[in-house]
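fold the stuff below for me.
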Amino acid sequence: MAADSLRPSPKHGRRRPPIRIEVPRTGQSFTFTKVLNAGQEPLTASFSTKRLKVYRGEQMALQVCAFVLGLLMLWWQWLRRELAASG
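The predicted structure follows:
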């Protein structure tokens, strides 16, 4: 009698093993766009990509902006020091 109580009832069906997702620790990040479910519909995954030229262009623009910002900060610090020394 005890063994029968441990079995899943036929109305619930067969038990599925848990879904295991290995998430990488390095590399590009993943964004999950769908909640994982244990329903009858198959799991789907979607992702978007961009062309390498577009990615490199965006990367270059960001680096140039950071460089110009750094130059402006240096100029501002130099200007403050010059004004403080002269008066």
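
how about the helices in the chain?
2-6, 52-86 (DSSP state H).

can you pull out the low-pLDDT segments for this structure?
Where the chain drops to pLDDT under 70, the residues are 1-14, 23-24, 30, 32-38, 43.

winner for burial among the helices of the chain?
Comparing the helices of the chain by mean neighbour count (mean count of other CB atoms under 10 Å), helix 52-86 ranks first with a mean of 10. In short, each C-beta sits where N, CA and C put it, glycine included.

and that one, what does it pack against?
If you count contacts as 3 or more CB pairs under 8 Å, 6 or more residues apart in numbering; DSSP states H and E, helix 52-86 packs onto no helix or strand.

can I get the helices of the chain in JSON lines with distance to Ser46?
Below are the helices of the chain laid out as JSON lines (distance: least, CB to CB, whole Å):
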{"stretch": "helix 2-6", "distance to Ser46": "40"}
{"stretch": "helix 52-86", "distance to Ser46": "19"}
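
number of residues surrounding Lys50?
Counted with other CB atoms under 10 Å, residues neighbouring Lys50 total 9.

coming back round to it: tell me which of the helices of the chain sits nearest to Pro42.
For Pro42, the closest of the helices of the chain is helix 2-6, at 29.8 Å, according to CB to CB.

related to what we said a few turns ago, looking at the helices of the chain, which is nearest to Gln40?
Checking those against Gln40 by CB to CB gives helix 2-6 as the closest, at 25.1 Å.

in this protein, which residue is closest to the centre?
Residue closest to the average C-alpha location in the chain (CA atoms, centre = their mean): Ser29, at 3.9 Å.

from Met60, how far out is that one?
Shown here: Ser29 relative to Met60, a distance of 21 Å by CB to CB, to the nearest Å.
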